[in-house]
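> I would like the atomic coordinates for the input below:
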Amino acid sequence: MREFVLDCSATMAYFFKDETSACVDAAFEMLVVKGTALVPPIWPLEVANTCLSAERRKRLTIPDVEEIFSILEMLPIEIIPYEDLKSTWDVQSMARTHNLTAYDAAYLELAKRKNLPLLTLDKKLKQSTEKAGVSLWTPASD
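Numbers count the residues shown, from 1 in each chain. Presented below is the predicted three-dimensional model:
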């Protein structure tokens, strides 16, 4: 089984066909067959907020959002809680070190803690991975 850390930017790009990429599509295809995506506790709220913003901009309808959540619920996506307050401190430190938001640093911290590649479309987060010792997920890394 192949595991990786999935961030909100890559998650939502899958559902916005004008934003997706071959890499995101490959990751979701892999999830259906044999993979597991790990996400930090902030991920469901980020997904919900992105959907809400898209609804308000008339980019998604309520039925679209219901379908997105139904699909996500069926996929092997595991929410990984913080083990203790030290993990939260690690997120804070990582955000400071890499000049990221705490939200983005949560994905980087989880990938580092679990020694897994990260799938993100966020440019700043991608740039932080090498310095943090985290690899980016690609179809070739499967």
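
> Pull the contacting residues for residue 100.
94, 108, 124-125, 128 (CB atoms under 8 Å, 6 or more residues apart in numbering). All C-beta spots, glycine's among them, are computed from the backbone N, C-alpha and C.

> farthest-separated two in these?
In terms of CB to CB, these reach their longest pairwise distance at 94 and 124, which sit 12.6 Å apart.

> Comparing these two, which residue is more hemmed in?
Counted by other CB atoms under 10 Å, residue 94 and residue 124 do not tie: residue 94 has more neighbours, with 21 against 12.

> From residue 133, how far off is that one?
Residue 94 sits 11 Å away from residue 133 when distances are taken as CB to CB, to the nearest Å.

> try residue 2
Shown here: residue 2 relative to residue 133, a distance of 20 Å by CB to CB.

> These two - which one has more neighbours?
Neighbour comparison, residue 2 and residue 133: the larger count goes to residue 2, with 16 against 10 (by other CB under 10 Å).

> Against residue 29, how distant is that one?
Spatial separation of residue 2 from residue 29 under the definition CB to CB is 12 Å.

> Could you do residue 69 as well?
20 Å.

> and if you look at residue 22?
Distance from residue 22 to residue 29, counting by CB to CB: 10 Å.

> who has more neighbours, the two?
Between residue 22 and residue 29, counted using other CB under 10 Å, residue 29 has the larger neighbour count: 12 against 9.

> residues contacting that one?
Taking CB under 8 Å, 6+ apart, we find residue 29 in contact with no residue.

> which SS state does it fall under?
helix (DSSP: H, G, I helix; E, B strand; the rest coil).

> where's it relative to residue 139, distance?
Shown here: residue 29 relative to residue 139, a distance of 9 Å by CB to CB.

> Please apply the same query to residue 119.
In this structure, residue 119 lies at 10 Å from residue 139, with CB to CB as the measure.
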